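1. Predicted model and sequence below, questions to follow.
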Amino acid sequence: MEIDGRSSEAMYECLLFDMDDTLYPMSLGLNLACRKNIEEFMLHYLHIEESEVPRKCLELYREHGTTMAGLKAHGYEFDNDEFHAYVHGRLPYELLKPDPILRNLLLSMPQRKIIFTNADEAHAAQVLSRLGLEDCFQGVICFETLNPSVGLGPVSSIDRLDEEQIEHVQTQILCKPSIQAIEAAIAIANVDPKRTIFFDDSVRNIASGKAAGLHTVIVGRSTLVPGADYALNSIHNIRESLPEIWEEEEEHLQPIIQPTAVETVVLASA
């Protein structure tokens with residue numbers, strides 16, 4: 001089997017990237033703005049006691065992976081799209097600027113590159129566009145991908161979850177750091193975890209990624225954390241820390257030239 005003209009025995013066949021606080025630094029402040037919007041949603045739309053909102057927001061995040069998943073698990077009813085529109089639609093996206101250095105790094109990598117985020121499709125599109133990276137990835141695995149019951153159609157189905165996986169997805173919000181979410185992403189992307197590298201800023205996500213069999217890179221830290229194979233202070237340090245991503249191509253002396261513009265699609269699970 002060959003992938004993009006390369007042997008399936010390549011050391012790595014796919015790079016799986018988290019997006020928020022991974023492709024750009026947490027110091028930009030989008031994370032704090034997002035939390036503020038979530039707390040306002042909890043207060044104004046779910047009528048949770050104001051004094052309880054910050055604590056509850058953090059506890060649900062820690063227990064369920066995202067505050068949204070925690071709210072649903074605790075019986076709060078609200079429209080998923082309305083939640084995402086409120087929480088992400090009001091973010092200061094103007095803080096994100098084009099990153100030509102990261103763009104050039106990504107385009108020079110011969111492997112498939114896929115975004116794997118808990119966020120919704122609209123947010124992913126905004127972030128990638130603002131960073132100037134929208135054509136650097138071959139697919140996006142996002143909230144709608146892992147939770148098809150919200151009504152996402154088959155945009156570009158690379159693989160199909162089996163009936164048991166689909167039933168599991170539809171009974172709860174599936175998101176990182178659950179190993180089930182990571183295994184679902186692996187199935188949707190149709191990759192071999194042993195030849196896939198997973199980049200994420202979350203210690204919990206990295207631990208789950210390693211448990212699912214992925215090679216793992218913690219981003220935004222200078223030291224390793226449990227389950228991490230590599231640590232990057234910044235996503236810009238990839239070439240120095242993981243030269244093997246490029247070395248195989250250089251050894252063949254016939255590098256694959258990746259087009260500067262490729263279509264990024266939301267990968268669908270069904």
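-> Received, thanks.
2. now Gly209, nearest residue through space, not along the chain?
-> Phe198 (4.2 Å; Cβ to Cβ, 6 or more residues apart in numbering). Where C-beta positions appear, they are placed from N, C-alpha and C, glycine not excepted.
3. Wait, a strand at that neighbour?
-> Yes: Phe198 sits within a strand when classified using DSSP: H, G, I helix; E, B strand; the rest coil.
4. residues in contact with it?
-> Contacts for Phe198 (Cβ atoms under 8 Å, 6 or more residues apart in numbering) come out as Leu16, Asp18, Phe116, Ile182, Asn205, Ile206, Gly209, Leu214, His215, Thr216, Val217.
5. tell me the SS of the residue nearest to Ser208 when sequence neighbours are not counted?
-> Nearest residue to Ser208, sequence neighbours excluded (Cβ to Cβ, 6+ apart): Pro177, at 4.4 Å. Per three-state DSSP, the secondary structure class of Pro177 is coil.
6. Which per-residue confidence value corresponds to Pro177?
-> On pLDDT, Pro177 comes in at 97.
7. part of a strand, is Lys12?
-> Lys isn't right for residue 12; it's Tyr. No: counting by three-state DSSP, Tyr12 falls outside a strand, being coil.
8. So what's the residue count around it?
-> Counted by other Cβ atoms under 10 Å, the residues lying close to Tyr12 total 20.
9. Could you verify my assumption that it touches His215?
-> Yes: contact status for Tyr12 versus His215: in contact at 7.4 Å, counting by Cβ atoms under 8 Å.
10. about what we covered before: for the residue nearest to Ser208, list the residues it contacts.
-> Gly65, Ser202, Arg204, Asn205, Ala207, Ser208.
11. redo that, cut-off 10 Å
-> Going by Cβ atoms under 10 Å, 6 or more residues apart in numbering, Pro177 touches 64-66, 118, 200, 202-209, 211.
12. For those, which entry has the maximal number of neighbours?
-> Gly209 (33 neighbours).
13. helix/strand/coil for that residue?
-> Gly209 is classified as helix under three-state DSSP.
14. What pLDDT is listed against it?
-> pLDDT at Gly209 comes out at 98.
15. who touches it in this structure?
-> 16, 18, 116, 176-177, 179, 182, 185-186, 193, 196-200, 202, 215-218, 227-229.
16. which non-adjacent residue is nearest Asn31?
-> Asp21 (5.8 Å).
17. Do I have it right that that neighbour meets Ser27?
-> Yes: Asp21 is in contact with Ser27 according to Cβ atoms under 10 Å; the separation is 9.2 Å.
18. Those two: who's more crowded?
-> Asp21 (17 against 9).
19. For that one, pull up the helix or strand it's in.
-> Following DSSP states H and E, one finds Asp21 outside all helices and strands.
20. For Glu82, see how far away it is.
-> Counting by Cβ to Cβ, to the nearest Å, the separation of Asp21 from Glu82 is 24 Å.
21. from the contacts of Pro177, which is closest to Leu133?
-> Asp200 (16.5 Å; Cβ to Cβ).
22. Model confidence for the closest one, exactly?
-> For Asp200, the model assigns a pLDDT of 98.
23. That concludes my questions; thank you for your assistance.
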